[in-house]
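Student: any chance you can model this:
(chains A and B)
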Number of protein chains: 2
Amino acid sequence: MNFVSGIPQPATDIRALADSGENARLHGVIHNIRNMGEFSFVILSTAHDVVQCVYSPEFSQFALQDIREGDWVEFTGRAVKEERAENGFEIRLLQAKVFSSPAEELPFAINKKVLKLNIDTNLNYRPLTLRNPAQRAIFRVQEGVAAGFTEYMRSQGFTEIHSPKIVRAGAEGGANIFKLDYFDTVAYLAQSPQFYKQTMVGVFERVFEVGPVYRAERHNTSRHLNEYIGLDFEMGFIRSMEEVMEMETAMLWHVVSYLKAHYAPELSLLKARLPEVAPMPVVTFTEAREILIARGRRPGKWDLEPDDELALCDWARETHGTEFIYITRFPAAKRPFYAMDDPQDDTFALSFDLLFRGLEITTGGQRVHDYAMQVEKMKRMGLDPADFESYLMIHKYGMPPHGGLGIGLERLTMKLLGLKNVREASLFPRDIGRLEP
Amino acid sequence: MNFVSGIPQPATDIRALADSGENARLHGVIHNIRNMGEFSFVILSTAHDVVQCVYSPEFSQFALQDIREGDWVEFTGRAVKEERAENGFEIRLLQAKVFSSPAEELPFAINKKVLKLNIDTNLNYRPLTLRNPAQRAIFRVQEGVAAGFTEYMRSQGFTEIHSPKIVRAGAEGGANIFKLDYFDTVAYLAQSPQFYKQTMVGVFERVFEVGPVYRAERHNTSRHLNEYIGLDFEMGFIRSMEEVMEMETAMLWHVVSYLKAHYAPELSLLKARLPEVAPMPVVTFTEAREILIARGRRPGKWDLEPDDELALCDWARETHGTEFIYITRFPAAKRPFYAMDDPQDDTFALSFDLLFRGLEITTGGQRVHDYAMQVEKMKRMGLDPADFESYLMIHKYGMPPHGGLGIGLERLTMKLLGLKNVREASLFPRDIGRLEP
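Tutor: Reported below is the predicted structural model:
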């Protein structure tokens, strides 16, 4: 019989040690031991830093051979200013305690700043490759993207929700949906939180969600994942679709400043160039096609191809000096049934994509909120309203005008950091050939 | 061609209007219109509040019959102090704009403060019943629980991660796992982020995750969901399992104070009684059995039954005046293969449950970090280490001592708010018979 009083062990803050000259305990994994003759450098990788420690028989109270590369250790040492060390200080080692040693040699070196492995080896050995400082910095930045998104949404009166990922039917239609045995029936994995976030507009007016999204696409490209994290929001009482775009733009600038404020060491290690804060150009799909034709391309009539997205981003950069461009008013026939048609011309939908550095990172738009209009549009698109009874409840009993969007966290991270493959921005990516680790 | 500059429409802050006496725009759904003779009360439900508005031909510039209950509207009005109104002010209506009207009468009244429907009706009509002020307050508080958890974890140096929910094999074993068609093979839905959060201890030392967890249990009880939100954390370099319990205790007290600071109106509406901050008693499984026997129960030798959990919480309240109690050192045979055995007696595991108000809300413990020990324990439990190759990578190449836990967000919300059924704390619950809405 005992008590727990809620007094946790604080995390070691190595940076706070820099000026102290005091004895300190720090722990991590030994990345490297370099014998310099009189003394040795022992490079320790801690939770957030790589710290230069010095072993010398002069002050160290243990034998150098008691520790080796790859050991997980706790060091006791004295922090001393040292301008030549990367953090501006080094730790003179007094004592060492080894918690565990590798049972085998690592199959490759992970203690270099930047890991040079092909993507398959990187992913096959993910539990190890993520220990590399540059690899893990990607996911510290990714944490910052989601945290900046969350902070901004809250500041604008949005409520965070969690919607189910096991669903009776997909929101986005098509065959790109994973099928599941659900007790004695069949269910699917949600392709988006679309129906639920719209439903919650009728409850909280403004809502957001950070959660997994599933697409059973057989694509095997550098920009597709079969499971990814969606940053979604949906807002009520909008006067136009442009209000959704204003909200997204402001949110993205907030994310950029949040990253600069909280993740500067990681951004520096990754040599990331964050986008400049500037107004984002908006062109309609029709205008976008004209731009593409003027640039010698032959765009399709219904949607943009990846190379079109690249060309439009080139145009935005050359013409307006921006790395973002919104494309609006896509052909309604290729947009989902919940998209509101443009009242000026119902062959187009009040929908938009946001392109960033050559890639679509967002799809959004205004939704149908009127019951009769939604039922009519479903029928026109060959759907049976009876299949959508619980979704249509929100329209039947009244909804305000509303719209929203979804952003892929991994794609946004990839583009912010200049990565070549979206898998590099997923801790444990899932694609058509990969279920492990 | 146009530009978006990132200037969003701010959310209306009704409470800020209280003292202004100024004209204001506010929007929401009309909950109720009460004719008082000379004037009428129009009760508007906004994103977070229920606001008393007054219609009078004296100052209102529209006809009362232009609005009706259930309409989604934008009002322009003047905020005036009024002590008899619940918020201390009322809105004198000047103008009204109706965005949408219900196509049908609501099947039941949702404009009462507290909704009195049986649970099945409540869940069948979830898109409507969530519009009730008390129902939606539950999910505002739930947002606060997750936000308080996140804030505390960050303050303690934990990094937020997102692990995949589509997996090759379950971490918790047993038959309680959902099976999935994954292209040309079979996959499963993650029963916990266990392997991944342990893996990430080797990367960030301290990590947490807020994400869905799947259990294909055929239970149909008031405390089980088949999909729920797990609040998980895992921490490295622990000296003992008790460090994990200290961390959880401190986190829970932070959540309580976070709720008091940010969700007072919702807690008041729900008449919630939050637990007192006090040290939490800790008893071993063996001691717990003795306590139960002394109270006339016949506890099992391997685990606790729901009625045992109730009785232990009664004991903690009567003996120590607490609503929480930790049970530690469960029989190792009933705990998963990744649990570390008690070095004093390997028939018990370094694992714990936290009980709160009669229910288990957490399972946690210290994990095996030594490679040889983990391989040996797998074999002893009849498992083939070859099936866990990528998980065992972390042990093979070294791991610090570590431990962690998982908490069910819905169970914690349910118990904090005194709800009777965990489904009441899930926006769109999934159980053996429910896949919709």
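Student: restricting to C-alpha, output the longest helix anywhere in chain A in CSV.
Tutor: For chain A, the helix that runs over the most residues, judged by DSSP state H, is helix A:133-155. Output of helix A:133-155 as CSV, limited to C-alpha atoms (Å, rounded to 0.1, in the frame of the first residue of the first chain):
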residue,chain,number,x,y,z
PRO,A,133,18.8,13.3,-36.4
ALA,A,134,17.7,14.5,-39.8
GLN,A,135,15.1,11.8,-40.2
ARG,A,136,13.5,12.4,-36.8
ALA,A,137,13.6,16.2,-37.4
ILE,A,138,11.0,15.7,-40.2
PHE,A,139,8.5,14.4,-37.6
ARG,A,140,9.3,17.1,-35.1
VAL,A,141,8.3,19.6,-37.8
GLN,A,142,5.3,17.5,-38.7
GLU,A,143,4.2,17.7,-35.1
GLY,A,144,4.5,21.5,-35.4
VAL,A,145,2.4,21.6,-38.5
ALA,A,146,-0.5,19.8,-36.7
ALA,A,147,0.0,21.8,-33.6
GLY,A,148,0.0,25.1,-35.5
PHE,A,149,-3.1,24.0,-37.3
THR,A,150,-4.8,23.1,-34.0
GLU,A,151,-3.8,26.3,-32.3
TYR,A,152,-5.1,28.4,-35.1
MET,A,153,-8.4,26.6,-35.4
ARG,A,154,-9.0,27.0,-31.7
SER,A,155,-8.2,30.7,-31.9
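Student: just want the angle from that helix to helix B:133-155.
Tutor: Between helix A:133-155 and helix B:133-155, the angle comes out at 150 degrees (axes from the mean of the first three to the mean of the last three Cα atoms, to 10 degrees).
Student: in helix A:133-155, what's buried?
Tutor: By neighbour count on 16 or more other Cβ atoms under 10 Å in any protein chain shown, the buried set for helix A:133-155 is A:133, A:135-150, A:152-153. In short, each C-beta sits where N, CA and C put it, glycine included.
Student: who are the neighbours in contact with A:Pro336?
Tutor: A:171-173, A:194 (Cβ atoms under 8 Å, 6 or more residues apart in numbering or on different chains).
Student: repeat that for 10 Å
Tutor: A:Pro336 sits next to A:171-174, A:192, A:194, A:349, A:351, A:363, A:365, A:367, A:377, A:381 when contact means Cβ atoms under 10 Å, 6 or more residues apart in numbering or on different chains.
Student: coming back round to it: now check the longest helix of chain A, is it near chain B?
Tutor: Yes - legend: contact between helix A:133-155 and chain B by Cβ under 10 Å from any Cβ of the partner chain is shown at A:135-136, A:139-140, A:142-144, A:146-147, A:150, A:152, A:154-155.
Student: elements contacting the helix or strand following that helix?
Tutor: Sequence order places strand A:159-160 as the next helix or strand after helix A:133-155, per DSSP states H and E. For strand A:159-160, the packing partners by 3 or more Cβ pairs under 10 Å, 6 or more residues apart in numbering or on different chains; DSSP states H and E come out as helix A:133-155, helix A:194-204, strand A:206-214, helix B:133-155.
Student: give me the nearest residue to A:Glu246, chain neighbours excluded.
Tutor: Using Cβ to Cβ, 6 or more residues apart in numbering or on different chains and skipping residues adjacent in sequence, the residue nearest A:Glu246 is B:Pro8, 4.7 Å away.
Student: number of nearby residues for that neighbour?
Tutor: B:Pro8 is flanked by 17 other residues according to other Cβ atoms under 10 Å in any protein chain shown.
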